[in-house]
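1. Let's see this in three dimensions:
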Amino acid sequence: MPDTTSIHKPKIFLSHASEDKPFVRRLEAALEAAGVEVWVDHDDLHAGENFPKRIGEALAWCDVLLLVWSQAARVSRWVEMEWSNALSLRKVIIPCRLDKTPLPPLLDSISYATFRDFERGLEQLLHALRNLSSPKVTQNIEPSPPPESNVRDRRIDAATPSTAEVGQRLDLLVQVRFPDSPLLGREDWPTKIKPDHIEQTSESVALQFPVDPATGKLTSAKLEIQIVAPDFEIAGNARQRVLVPPEEYSKCLSFLITPKQTGVCRINVEVYDVDQTFLGAIPLETNIGGSPVAQALNVANLMLFVVVGQERIALPPILASNQGIGSLPPPSSAPPAPASEGTKVVEYPTYQPSRESRHELPQSKAPSGCLGRVALWLGILASLATVLAFVFDLPDKFDWFTPASSTFYGSVRYPDSSPVPHAVLRVQGNLGEGTTDAHGNFNFRVHAQPGTQIRVTVAKDDIVGFDDLLWLEGDKTIPFDTTQTKGQP
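-> Numbers count the residues shown, from 1 in each chain. You can find the predicted model right below:
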């Protein structure tokens, strides 16, 4: 067993990737057994707390950052943010290497502990904690009063006209401001003609501003604004990225929206950080008047021309004398027989053009039976074309008919592979929601194209056990960890 006597008792921040959780739990237990106070996200971070703000507070609280370094940690944005902020705060950093992944250039001269063998690595780490004043460990980084936190409170404002008409194009403005600054108003409108009244709401958020490791200064935070408005047509991109300077307002985003329905119409302004973490939503309502926009009906028309001629027919005596009805004889090109006494001859007039106009208007001929059938089939095809045009126009008229949806199915399991029954799955952006059955299986529709990436949150009894990005394809097995809430990717 490693010697734990006479150990300096610093406050430790354990920075790690989620893939290294088993090692981190073991290391945390060993350090606490040695009397060291440890902060790690699976212990102190609960659902509903602001993640960037809690990380900033924990970094300001700690004396030493233990960097659990592996291939997974190398590609984690959160791990990079934690060690770079600790470096700018002049904290002591001790890497704990799990494999041969090289350290970042800024840390490659710092002494580290190797944990290919846990007991030997723990002994190296405890030895380093006893000698925190050694330049070999601290690389001449002397503790000093920490600078102010790189987490800043901001307010996101959204505004649009209070009233409008169907088909009238509107501006939806979104801007990030300071908490005590004036609200986004009519005077900020980008057009010369300003609306008489506007609907304005706000949402407060805590933003994590990155620190430049070279200068220690804060740089601009990045946010993404997503507009969800089913009652409106949105011109251009409904999702835009905005940079938020540390000491200034962001630029004012303008979304062009056109109402399609009358009545009170809802708009949701959703806010995400650069890692697609949902930060909040700003609801807006505007009153729309006028008549709803009618959807155009596609109609196929076909014009048919049928030419029918006339012939001179002599009725037989039995029909002419009204003694009975018989079948008409087929027309003959031979001249008719002379009528006997008492027999009536009925002639149907035929068109006889004058000699002067025969070269302009030729005699029409009766269509054959084949041409009649062709005309009938053309009429049927015209009707089918009209029906098909209407059917293929349905996706623009009814949301339930849209092909842009997919089946999301799979199962939710505890770490021991047992099923998680009656858990609630939500797809961010109101794209879909479902629950698991008694066997932990789920199957529901998601309003997104197959093969796209969606963010899924799984909760049971108000405990969030999974929150991450998934590809919308194939059978999914989602791990549910009750000790872990939304945190590092």
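
2. Show me where the stretch 201-350 of the chain dips below the pLDDT cut-off.
-> Across the stretch 201-350 of the chain, the stretches falling below the confidence threshold (pLDDT under 70) are 214, 291-350.

3. mind listing the strands for it?
-> According to DSSP state E, counting those that start in this stretch, the stretch 201-350 of the chain carries its strands in the segments 221-228, 232-235, 239-244, 253-259, 263-273, 278-289.

4. Present the ones you listed as a markdown table; the columns should include mean neighbour count and distance to Phe209.
-> The way it works is simple: take the backbone N, C-alpha and C, and place the C-beta from them, glycine included. Formatted as a markdown table, these follow (neighbours: other C-beta atoms under 10 Å; distance: least, C-beta to C-beta, whole Å):
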| stretch | mean neighbour count | distance to Phe209 |
| --- | --- | --- |
| strand 221-228 | 20 | 5 |
| strand 232-235 | 16 | 30 |
| strand 239-244 | 16 | 8 |
| strand 253-259 | 19 | 19 |
| strand 263-273 | 18 | 11 |
| strand 278-289 | 16 | 14 |
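
5. can I get the ones you listed in CSV with distance to Asp481?
-> Below are these laid out as CSV (distance: least, C-beta to C-beta, whole Å):
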stretch, distance to Asp481
strand 221-228, 27
strand 232-235, 37
strand 239-244, 30
strand 253-259, 37
strand 263-273, 22
strand 278-289, 19
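
6. mind checking which of the ones you listed is nearest Glu19?
-> When the strands of the stretch 201-350 of the chain are compared for distance to Glu19 using C-beta to C-beta, the nearest one is strand 263-273, at 21.4 Å.

7. contacting residues around that closest one?
-> 52, 156, 158, 160, 172, 174, 203, 205, 207-208, 221-229, 231-232, 257, 259, 278-288, 429-430 (C-beta atoms under 8 Å, 6 or more residues apart in numbering).

8. Same check on stretch 93-113?
-> Outside of stretch 93-113, the residues within contact range by C-beta under 8 Å, 6+ apart are 20, 23, 27, 64-71, 73-74, 80, 83-84, 86-87, 114-116, 121-122, 124-125, 128-129, 136-137, 139, 141, 213.

9. and those, which are buried?
-> Buried subset of those (neighbour count, 16 or more other C-beta atoms under 10 Å): 20, 23, 27, 64-70, 73, 80, 83-84, 86-87, 115, 121-122, 124-125, 128-129, 137, 141.

10. before we move on, back to that, what about the contacts of stretch 93-113, which are in helices?
-> Secondary structure assignment by DSSP state H places 23, 27, 71, 73-74, 80, 83-84, 86-87, 121-122, 124-125, 128-129, 136-137 of the contacts of stretch 93-113 in helices.

11. measure the nearest residue to Glu37 once chain neighbours are set aside to Val36 for me?
-> Of all residues not flanking Glu37 in the chain, Lys11 sits nearest, at 5.0 Å (C-beta to C-beta, 6 or more residues apart in numbering). The gap separating Lys11 from Val36 is 8 Å, by C-beta to C-beta, to the nearest Å.

12. now do Glu187
-> Note on Glu187: its distance to Val36, by C-beta to C-beta, is 56 Å.

13. These two: which is more packed in?
-> Neighbours per residue (other C-beta atoms under 10 Å) separate Glu187 from Val36, with Val36 holding more: 21 against 7.

14. list the contacts for the more buried one?
-> The contact partners of Val36, taken as C-beta under 8 Å, 6+ apart, are Ile7, Lys9, Pro10, Ile12, Leu129.

15. Is Ile288 in contact with Thr262, as I believe?
-> Yes - look at Ile288 against Thr262 with C-beta atoms under 8 Å: they come within range, at 5.2 Å.

16. got any residues that touch both of those two?
-> What both Ile288 and Thr262 touch, as defined by C-beta under 8 Å, 6+ apart, is the set Val166.

17. Now stretch 412-424: average pLDDT?
-> For stretch 412-424, the mean pLDDT works out to 89.

18. quick check, distance from that stretch to the centre of its chain.
-> For stretch 412-424, the distance from its own C-alpha centre to the chain's C-alpha centre is 26 Å (C-alpha atoms, centre = their mean, to the nearest Å).

19. Could you export that stretch as CSV, CA atoms only?
-> Extracted as CSV, the C-alpha positions of stretch 412-424 are listed here (Å, rounded to 0.1, in the frame of the first residue of the first chain):
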residue,chain,number,x,y,z
VAL,A,412,-32.4,1.8,-22.5
ARG,A,413,-30.2,-0.3,-20.1
TYR,A,414,-28.6,0.2,-16.7
PRO,A,415,-24.8,-0.4,-16.5
ASP,A,416,-25.5,-4.0,-15.5
SER,A,417,-27.5,-4.5,-18.8
SER,A,418,-30.8,-4.7,-16.9
PRO,A,419,-33.7,-2.8,-18.6
VAL,A,420,-34.9,0.6,-17.6
PRO,A,421,-38.8,0.5,-17.7
HIS,A,422,-41.0,3.6,-17.9
ALA,A,423,-38.2,6.0,-18.8
VAL,A,424,-39.0,9.2,-20.7
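
20. List the buried residues for that stretch?
-> Buried, per 16+ other C-beta under 10 Å, within stretch 412-424: Val412, Arg413, Pro419, Val420, Ala423, Val424.

21. and the residue nearest to the third one when sequence neighbours are not counted, what pLDDT?
-> Spelled out, it's Pro419. In this structure, Pro419 finds its nearest non-sequential neighbour in Gly440, 2.6 Å apart by C-beta to C-beta, 6+ apart. At Gly440, the predicted lDDT confidence score is 89.

22. How much space separates Gly440 from Ser406?
-> Here the distance between Gly440 and Ser406 works out to 21 Å (C-beta to C-beta).

23. With Lys192 instead?
-> Distance of Lys192 to Ser406, computed by C-beta to C-beta: 45 Å.

24. what does Gln276 give?
-> If you measure Gln276 against Ser406 using C-beta to C-beta, the figure is 19 Å.

25. neighbour count winner among the two?
-> Here Gln276 and Ser406 are set side by side on neighbour count (other C-beta under 10 Å), and the busier one is Ser406, at 19 against 13.

26. In three-state terms, label the closest residue to the more buried one other than its chain neighbours for me.
-> Excluding the flanking residues, the one nearest Ser406 by C-beta to C-beta, 6+ apart is Pro450, at 4.5 Å. Using DSSP: H, G, I helix; E, B strand; the rest coil as the criterion, the local structure at Pro450 reads coil.

27. for the top helix by length along the chain, packing partners?
-> In the chain, taking DSSP H as the definition, the longest helix is helix 369-392. Counting contacts by 3 or more C-beta pairs under 8 Å, 6 or more residues apart in numbering; DSSP states H and E, helix 369-392 packs against no other helix or strand.

28. Beyond it, next helix or strand please.
-> For helix 369-392, the succeeding helix or strand toward the C-terminus, using DSSP states H and E, is strand 406-413.

29. which outside residues touch that next one?
-> Looking at strand 406-413 with C-beta under 8 Å, 6+ apart, the contacting residues turn out to be 419-420, 423, 425, 427, 432, 434, 436, 439-446, 448-450, 454, 458, 466, 472-473, 475-480.

30. now the residues you listed: which count as buried?
-> Among these, the ones that count as buried by 16+ other C-beta under 10 Å are 419-420, 423, 425, 427, 432, 434, 436, 440, 442, 446, 448, 454, 458, 466, 472, 476, 478, 480.

31. In strands, which of those appear?
-> Residues of the buried ones among the contacts of strand 406-413 located in strands (DSSP state E): Leu425, Val427, Gly432, Gly434, Phe442, Val446, Ile454, Val458, Phe466, Lys476, Ile478.

32. how near is the fourth one to Thr191?
-> By that I understand Gly434. In this structure, Gly434 and Thr191 are 43 Å apart, going by C-beta to C-beta.
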